[in-house]
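Colleague: Pasting a predicted model and its sequence here:
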Amino acid sequence: MNKAELRLYFIKKRKQLSASDHAALSLAIISQCIQLPIWSLYYFHLFLPIKKFAEIDTTLLLTLLKERNKQIVLPKLKSSTSLSHFLLTDETKIKENRWGIPEPTENMLIDPKQLEVIFIPLLAFDQFGNRVGYGKGLYDNFLANCLPDVIKIGLSFFDPINKIKGIRKEDIILDYVISPKQIYQF
């Protein structure tokens, strides 16, 4: 399948999960994250779930990061192809934008080069660490502005496919993908 076909297939597959399966799979993914060699690091970038796309419930991961006293950075759409990044503080309010994406109120802007770990949304991934997102290039543009050694972690309800067709040179390979059953390292 090409990227467009994979997007349609996996969005449909996620939406077919029951509420209890969605919650259990999200918890299993977050539980797997505890095994990653990332917990000595400090600056973590996290996406908040878009409910209409049945994304993984990352609020559980947010709680874990807070409990471990990590600095949490959240994205906000700056334009249709770029993101801004804001430090989550006690004063930060979260508000859904017009597309249903939960975003922080503007507060302390963070340079992407400060980030050490980035949790990345995806719809599908392959055995080589390539990912399919929503097709706007937001995360590829963002990752291109991070330090080369930033740890890139995708979160997926599903196992990898063999190979994604149509990978471009701008597509950035992940370091890990966490599924409910397994940690994949690339």
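Modeller: Here it is on my side, so go on. Since the structure is predicted, the reported quantities are computational estimates derived from the model, not experimental observations.

Colleague: how many neighbours does Lys15 have?
Modeller: Per other CB atoms under 10 Å, the neighbour tally for Lys15 reads 11. Any C-beta I mention is one placed from the backbone N, CA and C, and that applies to glycine too.

Colleague: Can you name the residues that contact the residue nearest to it when sequence neighbours are not counted?
Modeller: What sits nearest to Lys15 in space, not counting adjacent residues and going by CB to CB, 6 or more residues apart in numbering, is Ala54, at 5.0 Å. Shown in contact with Ala54 (CB atoms under 8 Å, 6 or more residues apart in numbering): 11, 14-15, 17, 22.

Colleague: Count residues in the vicinity of the residue lying closest to Gln127 once chain neighbours are set aside, would you?
Modeller: Among residues not flanking Gln127 along the chain, Pro160 sits closest, at 5.0 Å (CB to CB, 6+ apart). By other CB under 10 Å, the residues close to Pro160 number 21.

Colleague: so how far is Gly135 from Pro160?
Modeller: For Pro160, the distance to Gly135 equals 19 Å [CB to CB, to the nearest Å].

Colleague: Tell me the buried residues within the contacts of Ala54.
Modeller: Burial by neighbour count, judged by 16 or more other CB atoms under 10 Å, picks out 11, 14, 22 from the contacts of Ala54.

Colleague: per-residue confidence at Ile167?
Modeller: pLDDT recorded at Ile167 is 87.

Colleague: now do Pro37
Modeller: In this model, Pro37 is scored at 96, pLDDT.

Colleague: got it, and Phe53?
Modeller: pLDDT, read off for Phe53, is 91.

Colleague: my guess is it meets Ile11, correct?
Modeller: Yes. Using CB atoms under 8 Å, Phe53 is in contact with Ile11, at 6.1 Å.

Colleague: Which residue, neighbours along the chain excluded, lies closest to the residue nearest the centre of the chain?
Modeller: Residue closest to the mean C-alpha point of the chain, counted by CA atoms, centre = their mean, is Ile120 at 2.2 Å. Of all residues not flanking Ile120 in the chain, Gly154 sits nearest, at 4.9 Å (CB to CB, 6+ apart).
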